[in-house]
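S.K.: Would you be able to build a 3D model of this:
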Amino acid sequence: MRILVIEDEHKIASSLKRGLEQESFAVDVAFDGESGFDLGATEDYDVIVLDLMLPKMNGIEVCKKLRQEEQVHTPILMLTARGQVENRVEGLNCGADDYLVKPFAFSELLARIKALSRRPKSNLSPVLKTADLSLNPHSFEAKRGEKIISLSKKEFALLEYLLRHKGKVLTKDQIINNVWDYEADILPNTVEVYIGYLRNKIDKPFKHKKPLLKTVRGFGYKIETG
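M.R.: This is a model prediction of the structure:
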């Protein structure tokens with residue numbers, strides 16, 4: 001899953017980024033409303049964590065513009081240090097899906113993010129499948145047939161992205177932008193290396209089954225449909 005955190009307090013933003021990355025999420029961070037809006041409007045995220053009090057454009061404006069001008073339907077969890085009823089109502093009325101008052105426990109934030117990500121969307125299903133390969137983003141379990149496949153966090157995120165777009169050829173740039181965050185140190189062959197890791201786990205051990213991970217030379221990679 002890919003998360004956007006829009007938070008101007010650098011210590012809080014950095015703490016959220018570290019915590020969410022430990023939970024296998026790819027995380028981008030914006031420190032003001034304008035840059036957060038630009039990212040939210042142009043990139044694909046599973047959940048946006050949005051602070052209310054932001055420089056350049058406050059959270060209410062960001063939320064309204066994403067919903068009304070850009071038609072972005074990504075679930076939004078709004079954060080604020082103000083807990084008054086009117087502020088919560090204003091945030092929800094502008095299009096936010098949930099509301100969390102600072103200070104909060106990271107475990108509660110994580111639970112709310114997972115709950116928002118489970119809401120039915122056309123591109124989000126509880127278990128992702130193709131042929132006899134399945135992946136559960138919430139239990140972090142991958143299987144081919146009845147055999148459980150052990151994946152690293154980045155391998156899991158890569159397979160999840162491929163399965164969400166099964167049958168579609170994905171370029172290296174698309175994969176990097178959706179599986180790695182912007183601050184990650186990506187070498188030119190990083191995607192190739194991780195595709196190799198994944199192929200060694202989901203295809204090569206199953207020699208009598210149809211290979212699912214395909215390289216489309218000159219274009220990118222795809223997971224075959226079942």
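
S.K.: going forward, measure contacts between C-alpha atoms and count neighbours the same way
M.R.: OK.

S.K.: which residue ranges form the strands in the chain?
M.R.: For the chain, applying DSSP state E gives strands covering 2-6, 26-30, 47-51, 76-80, 98-101, 128-130, 133-136, 141-144, 147-149, 213-216, 220-223.

S.K.: Distance check, Lys207 against Arg2.
M.R.: Separation of Lys207 from Arg2 (CA to CA, to the nearest Å) stands at 32 Å.

S.K.: the more surrounded of the two?
M.R.: Using other CA atoms under 10 Å as the criterion, Lys207 and Arg2 rank with Arg2 on top: 23 against 8.

S.K.: Return the distance of that one relative to Ala157.
M.R.: Distance, Arg2 to Ala157, using CA to CA: 9 Å.

S.K.: Can you pull the residues that touch both of these two?
M.R.: Phe25, Ala26, Val179 (CA atoms under 8 Å, 6 or more residues apart in numbering).

S.K.: contacting residues around the second one?
M.R.: Meaning Ala26. Neighbour list for Ala26: Met1, Arg2, Ile3, Leu20, Ala157, Asn178, Val179, Trp180, Asp181 [criterion: CA under 8 Å, 6+ apart].

S.K.: which pair in these spans the largest distance?
M.R.: Longest distance between any two of those is 15.1 Å, between Leu20 and Asn178; criterion CA to CA.

S.K.: which residues touch the spatially closest residue to Leu162 that is not a sequence neighbour?
M.R.: Leaving aside its chain neighbours, Leu162 sits nearest to Ile223 (6.0 Å; criterion: CA to CA, 6 or more residues apart in numbering). Residues near Ile223 by CA under 8 Å, 6+ apart: Leu162, Leu163, His165, Lys166, Gly167, Lys168, Leu212, Leu213, Lys214.

S.K.: Counting neighbours, which of those end up buried?
M.R.: Leu162, Leu163, His165, Lys166, Gly167, Leu212, Leu213 (16 or more other CA atoms under 10 Å).

S.K.: Quick check: bridge partners of the last one?
M.R.: On the basis of DSSP bridges, Leu213 takes part in beta bridges with Ile223.

S.K.: Could you pull up the residues touching it?
M.R.: Leu213 neighbours (CA under 8 Å, 6+ apart): Arg199, Asp203, Tyr221, Lys222, Ile223, Glu224.

S.K.: Output the residues you listed as JSON lines; include the columns pLDDT and distance to Leu77.
M.R.: Formatted as JSON lines, those follow (pLDDT from 0 to 100; distance: CA to CA, whole Å):
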{"residue": "Arg199", "pLDDT": "96", "distance to Leu77": "36"}
{"residue": "Asp203", "pLDDT": "95", "distance to Leu77": "38"}
{"residue": "Tyr221", "pLDDT": "94", "distance to Leu77": "33"}
{"residue": "Lys222", "pLDDT": "94", "distance to Leu77": "32"}
{"residue": "Ile223", "pLDDT": "94", "distance to Leu77": "31"}
{"residue": "Glu224", "pLDDT": "91", "distance to Leu77": "34"}
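
S.K.: what would those look like in a markdown table with distance to Phe106?
M.R.: Below are those laid out as a markdown table (distance: CA to CA, whole Å):
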| residue | distance to Phe106 |
| --- | --- |
| Arg199 | 35 |
| Asp203 | 37 |
| Tyr221 | 36 |
| Lys222 | 35 |
| Ile223 | 34 |
| Glu224 | 37 |
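
S.K.: Now do the domain split for this structure, please.
M.R.: The chain breaks down into these domains under automatic domain parsing: 2-117, 128-223.

S.K.: hey, which of these is tucked in deepest?
M.R.: Burial of those is given as mean neighbour count (mean count of other CA atoms under 10 Å); domain 2-117 ranks first at a mean of 18.
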